[in-house]
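Colleague: Here is a sequence together with a model predicted from it:
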Amino acid sequence: MHKGSCLCGAVTFEIEGDLQAPDACHCSKCRKQSGHFFASTDVPRRQITIRGGESVTWYQSSEKVRRGFCAVCGSSLFWDPPHRDWIAVAMGAFDSPTETKLKMHIFVADKGDYYDITDNLPQNEQ
């Protein structure tokens, strides 16, 4: 069981089972949402329990995706494509070791100019 929360604790979550290796998204929307790039793991909806859901504010950032953050403290928590059977959960929101490592970088063609990616992981333009 993996547990996590927002900064203030108004929103908590539990995930059953192992976590998939996360990716790091460098698109401008993820950078604006998180303040840097957004690392997240995809979790089957049936494996996640969210408590304090009334404190999650959803922002429809595109036609196909909404982003969830805590309305109290502003923590970025979720990247949700409602038409899929999974939801992405922010790696920084986990409370304990996740026992996983980044698998790749995505949307690197849109990354910020203030940093370099030097970890030798795969880099996808999109």
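Modeller: Great, that's in hand.
Colleague: CA only for contacts and neighbour counts going forward, please
Modeller: Will do.
Colleague: Make sure Leu56 is actually in contact with Ala71.
Modeller: No Leu there; residue 56 is Val. Yes - the criterion here is C-alpha atoms under 8 Å, and Val56 meets it with Ala71 at 5.7 Å.
Colleague: Mind checking which of the two has more residues around it?
Modeller: Legend: neighbour count by other C-alpha atoms under 10 Å for Val56 and Ala71, higher for Val56 (23 against 16).
Colleague: How about the contacts made by the more buried one?
Modeller: Residues in contact with Val56 (C-alpha atoms under 8 Å, 6 or more residues apart in numbering) are 11, 68-71.
Colleague: If you rank those by neighbours, which is first?
Modeller: Cys70 leads the contacts of Val56 on contacts (other C-alpha under 10 Å) with 25 neighbours.
Colleague: separation between Ser40 and Gly9?
Modeller: Remark: distance between Ser40 and Gly9 (C-alpha to C-alpha, to the nearest Å) = 19 Å.
Colleague: Please say which of the two ends up with more neighbours.
Modeller: Ser40 (23 against 15).
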